[in-house]
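J.: return atomic coordinates for the entry below.
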Amino acid sequence: MGASDSIADFFGFDEHETNYRRETIAGLTTFLAMAYIIVVNPAILSDAILWDAQTGEFRDEATINGVTYTGGEIFQMLAVVTILASIVAILVMALYANRPFGLAPGMGLNAFFTFTVVVALGVPWQLALAAVFVEGVIFIALTAVGARRYILELFPEPVKFAVGAGIGVFLLFLGLQEMQIVVAYDATLVTLGNVLESPVAALSLAGLVLTLLLYARGVRGSIIIGIVTTAIAGWALTLGGVVERGVLTPAETVEGVQYDFTPLFWGFVEGLGMIGDNPLVFALVVFTFFFVDFFDTAGTLIGVSQIGGFLNEEGDLPEAEKPLMADAVGTTFGAMIGTSTVTTYIESATGIEEGGRTGFTALVVGAFFFLALFLVPLMASIPQYATYIALVVVGIIMLQGVADIDWQDPAWAIAGGLTITIMPLTTSIANGLAAGIISYPLVKAAMGERRDVSLGQWTLAVAFVAYFVIYFSVQMGAITF
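T.: As a prediction, this is how the structure comes out:
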């Protein structure tokens, strides 16, 4: 038996009816769909480090352990740690969990880290990293004893089967906004963008139509073709003088990479030393990170698993503790080197749609992240609107999840319907889960079927209510730091 056959056997190619070509295309598709995080995560987290709590302003440079670094140097450090944290988490996913999911520092979670915890609440970024680290350690412990899998299995059935469709609408909404096909509007919050006025909307729409037509014809790699073709067209129009630089292409290029990220590590160490200064503040920050990340990851994992056909008849993911361990390890390691919470990416659904079924797909994603260490400027040159074409295509495909919901049953209709709609309307997978988890036992009780609701499901509902009370109290200033 050759090495190729051994690898195929390790990942179970025959069992999953897949092959190297299909898994490789799937991995490349997932990577291209989530590669934006390599530049977006540093852009967001840089603000946390450059924030001056005393003046209430963002600085152009920051001092870490007595050494001053420019905003550009900090950005480059963060780009490197973003890639490294992703690689570590993906290796666990590929080699331990054998699932085709990509992981990286989470969008939304990084914004929460920067703008809510550091800027709004005044928590030093070093202490925030320490909180993420503790969260990760707790995740590892809970995953090891099976507690996270147990909580996932407590989710009401309609919520489990609605998550995929909810994420689909979420992806559609995010993708269409980034492509400027859906834009902000005061009277109705959003409206249709003017394709005749917006070069981004016009090119995005053309790329989306191309991708959908290729997909409809069954062309393997249609999503990759759509992304790459659209990106090339954007650069061609820019270099040809049709539009100015910054319209269809990034306004600035990344010049070189600062590979020495040890200042961020020492910032994390400094944060550990701050825990004793105000343990109550630290505990609240850990709780908030833990709660948001736990359910955000859970929702994503269930949603993408549904598309891949990995869920059983009860809507549960067999051996869920294995993929959950990947984000736990990634989060713990990522915090130590300077980045926010690592999570499973909804963009993984793009690779699954291309046929990815095993950990080899994730391994390919990790390999491309490794290459990106040396190609950060090239990755930064891919326009975001081009990558978001993938989200729209997969969002449409994920809507098939609505067929699994019993719309004639009030408990299913209400819990499932709220799960699907609240996700995109609040741009939060966790909020969508909360709506379904809270509503399900209440509706069941109103129907006289409270015996169908377990104690664990009631406990989950109460926990979500408690979380929102704390969250909104902080927003109103009733709880201060």
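J.: ok now stretch 190-199, how far from the chain's centre?
T.: Its chain's C-alpha centre and that of stretch 190-199 lie 27 Å apart, by CA atoms, centre = their mean, to the nearest Å.
J.: in it, which residues are buried?
T.: Within stretch 190-199, the residues that count as buried by 16 or more other CB atoms under 10 Å are 193, 195, 198, 199. In this view, the C-beta of every residue, glycine as well, is placed from N, C-alpha and C.
J.: pLDDT weak spots in the stretch 201-350 of the chain?
T.: Applying pLDDT under 70 to the stretch 201-350 of the chain flags residues 253-258.
J.: just the ones of the buried residues of stretch 190-199 in helices?
T.: Judged by DSSP state H, helices contain the following of the buried residues of stretch 190-199: residue 199.
J.: scan the protein for its longest helix.
T.: Longest helix in the chain, counting by DSSP H: helix 279-308.
J.: buried set for it?
T.: Quick answer for helix 279-308 (16+ other CB under 10 Å): 281-282, 284-286, 288-308.
J.: make sure residue 72 is indeed in a helix.
T.: Yes. According to DSSP: H, G, I helix; E, B strand; the rest coil, residue 72 belongs to a helix.
J.: what's the neighbour count on it?
T.: Applying other CB atoms under 10 Å, we find 16 residues neighbouring residue 72.
J.: now it: how far from residue 468?
T.: Going from residue 72 to residue 468 by CB to CB, to the nearest Å gives 39 Å.
J.: equivalent analysis for residue 299, please.
T.: 16 Å.
J.: do residue 152 as well
T.: Applying CB to CB, the value for residue 152 to residue 468 is 20 Å.
J.: and those two? which has more neighbours close in?
T.: residue 152 (22 against 14).
J.: check what pLDDT that one gets.
T.: In this model, residue 152 is scored at 86, pLDDT.
J.: so it sits right up against residue 321, yeah?
T.: No. With contacts counted by CB atoms under 8 Å, residue 152 stays clear of residue 321, the gap being 9.3 Å.
J.: so what touches stretch 363-379?
T.: 23-24, 26-28, 30-31, 34-35, 38-39, 76, 79-80, 83-84, 86-87, 90-91, 94-95, 102, 104, 253-257, 259, 351 (CB atoms under 8 Å, 6 or more residues apart in numbering).
J.: same check, this time on stretch 27-37
T.: Defining contact as CB under 8 Å, 6+ apart, one finds that stretch 27-37 is touched by 82, 86, 100, 102, 104-105, 107, 221, 223-224, 227-228, 345, 347-348, 350-351, 353-354, 356, 360-365, 367-369, 372, 379, 382, 384, 387, 390-391, 394.
J.: residue 404: which of the buried residues of stretch 190-199 is nearest?
T.: residue 193 (32.4 Å; CB to CB).
J.: what distance do you get for the closest one to residue 54?
T.: Counting by CB to CB, the gap from residue 193 to residue 54 is 41 Å.
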